[in-house]
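>>> predicted structure and sequence below. I'll ask about it afterward.
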Amino acid sequence: FRFKDSLAEDLQSADLVISHAGAGSCLETLEKGKPLIVVINDKLMDNHQLELAKQLHRDGYVLYCNCSTLVETLQSMDLSALKPFPPGQPEKFALFLDKVFEFQ
Amino acid sequence: TGGHTTEILRLLSCLSESYSPRHYVLADSDKMSEAKIRSFEQKRAETFSKSQFTLDRIPRSREVRQSWISSVLTTLYSILYSLPLTYKRKPDLILCNGPGTCVPICISAFLLGLLRIKRTTIVYVESICRVETLSLSGKILYYFSDYFIVQWPDLKKKYAKSVYLGRIV
């Protein structure tokens, strides 16, 4: 299970996801519209990996805790307060590049 | 590598065939990106039949947490290795989003520009993971890129020359 190629199927059938703060995991989960609790391990993690998790929490997309507060979080969580995560817009990037190169 | 590849393929997803042929450059140690790229290009070829791409590998310029001194040496080696590749492809546009691989390629293109051999537009898109601080590649390429795109407003505030388009991946 650890090295499955894709968790897409598991994600699709999940009601709640509890994950580390890796960007790929967070974004994949949010894009599938699943409620997400991000668990931070202060001892292991690079500061920069926390940036995205913190921001997603600030914006109201995920819940956030560390290993010792996970149980408490699960007991008191209100998943309906989480906002739906709008998808990124690569079309804006395409428009920008087209302007740079003056393609119509 | 991994997350970078996924992000860059998303960036490419809305580009027209004006951006062709596409030349992908990977680190020699990268095992997973090739499959993702081929899958992307295969789907693309279903819509755009004349779609073309190539795939090259260069030595990885720096391992995670590699020491400063040895990083400078391995990066210099990667730049030298990249020069013939960049010279051969003579790209009009280099698009990168932060893996160590992109620094030597961009620097080699920059050098070819200084030598008036080929003027390449360098577009750097910082990863979506970077909300408050830039990656090391970003910090370096901020000075070498023609367009430096960030995906969060805090970075736009800190780096005045950057471009903010919102989340684009």
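On my side now, so go ahead. Residues are numbered from 1 along each chain as shown, chains lettered A, B, ... in the order given.
>>> list the buried residues of the top helix by length along chain B.
Secondary structure assigned by DSSP state H gives helix B:68-89 as the longest helix of chain B. Neighbour-count burial for helix B:68-89 flags B:71, B:74, B:75, B:78, B:79, B:81, B:82, B:83, B:85, B:86, B:89 (criterion: 16 or more other CB atoms under 10 Å in any protein chain shown). (Glycine included, C-beta is placed from N, CA and C.)
>>> and the pLDDT for the second one?
In the prediction, the pLDDT value recorded for residue B:74 is 89.
>>> how about the fifth one?
With respect to pLDDT, residue B:79 has a value of 93.
>>> which stretches of chain B form helices?
For chain B, the helices defined by DSSP H occupy B:2-12, B:33-47, B:68-89, B:102-114, B:136-141, B:153-158.
>>> need the residue closest to the centroid of chain A.
The residue lying closest to the centre of chain A (CA atoms, centre = their mean) is residue A:26, at 2.3 Å.
>>> please apply the same query to chain B.
In chain B, the C-alpha nearest the mean C-alpha coordinate belongs to residue B:96, at 2.0 Å (CA atoms, centre = their mean).
>>> who touches that residue in this structure?
Residue B:96 is in contact with B:8, B:102, B:105, B:106, B:122, B:123, B:124, B:125, B:137, B:141, counting by CB atoms under 8 Å, 6 or more residues apart in numbering or on different chains.
>>> same list (the buried residues of helix B:68-89) but as TSV, adding distance to residue B:65.
Shown next, in TSV, are those (distance: CB to CB, whole Å):
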residue	distance to residue B:65
B:71	10
B:74	13
B:75	15
B:78	17
B:79	21
B:81	22
B:82	23
B:83	27
B:85	27
B:86	28
B:89	31
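>>> what segments of chain A are helices?
So, for chain A - with DSSP H - the helices run A:8-13, A:23-31, A:47-58, A:70-76, A:90-101.
>>> now do the same contact list for the closest residue to residue B:13 other than its chain neighbours.
Excluding its sequence neighbours, the residue lying closest to residue B:13 (CB to CB, 6 or more residues apart in numbering or on different chains) is residue A:90, at 5.2 Å. Under the criterion of CB under 8 Å, 6+ apart, the neighbours of residue A:90 are B:10, B:11, B:12, B:13, B:14, B:168, B:169.
>>> make JSON lines out of the residues you listed and add pLDDT and neighbour count.
Below are those laid out as JSON lines (pLDDT from 0 to 100; neighbours: other CB atoms under 10 Å in any protein chain shown):
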{"residue": "B:10", "pLDDT": "94", "neighbour count": "18"}
{"residue": "B:11", "pLDDT": "96", "neighbour count": "22"}
{"residue": "B:12", "pLDDT": "97", "neighbour count": "19"}
{"residue": "B:13", "pLDDT": "95", "neighbour count": "15"}
{"residue": "B:14", "pLDDT": "95", "neighbour count": "16"}
{"residue": "B:168", "pLDDT": "96", "neighbour count": "21"}
{"residue": "B:169", "pLDDT": "91", "neighbour count": "21"}
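>>> close to chain B: what parts of chain A are there?
Those residues of chain A that sit near chain B, judged by CB under 8 Å from any CB of the partner chain, are A:23-24, A:27, A:48-49, A:51-52, A:54-55, A:86, A:88-94, A:96-98, A:100-101, A:103.
>>> show the buried residues in the residues you listed.
Using 16+ other CB under 10 Å as the threshold, A:23, A:27, A:49, A:51-52, A:54-55, A:88, A:90, A:93-94, A:97-98 are the buried ones among the residues of chain A next to chain B.
>>> tell me how far stretch A:57-74 lies from the chain's centre.
12 Å (CA atoms, centre = their mean, to the nearest Å).
>>> buried ones in that stretch, by neighbour count?
Buried, per 16+ other CB under 10 Å, within stretch A:57-74: A:57, A:61, A:62, A:63, A:64, A:65.
>>> one more: stretch B:48-57?
B:51, B:57.
>>> contact partners of that stretch?
With CB under 8 Å, 6+ apart, stretch B:48-57 has contacts from B:17, B:20-28, B:30, B:34, B:37, B:41, B:44-45, B:85, B:89.
>>> just the buried residues from these, in PyMOL please.
Typed into PyMOL, the line below selects the buried ones among these, using 16+ other CB under 10 Å:
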select buried, chain B and resi 22+23+24+25+26+27+30+37+41+44+85+89
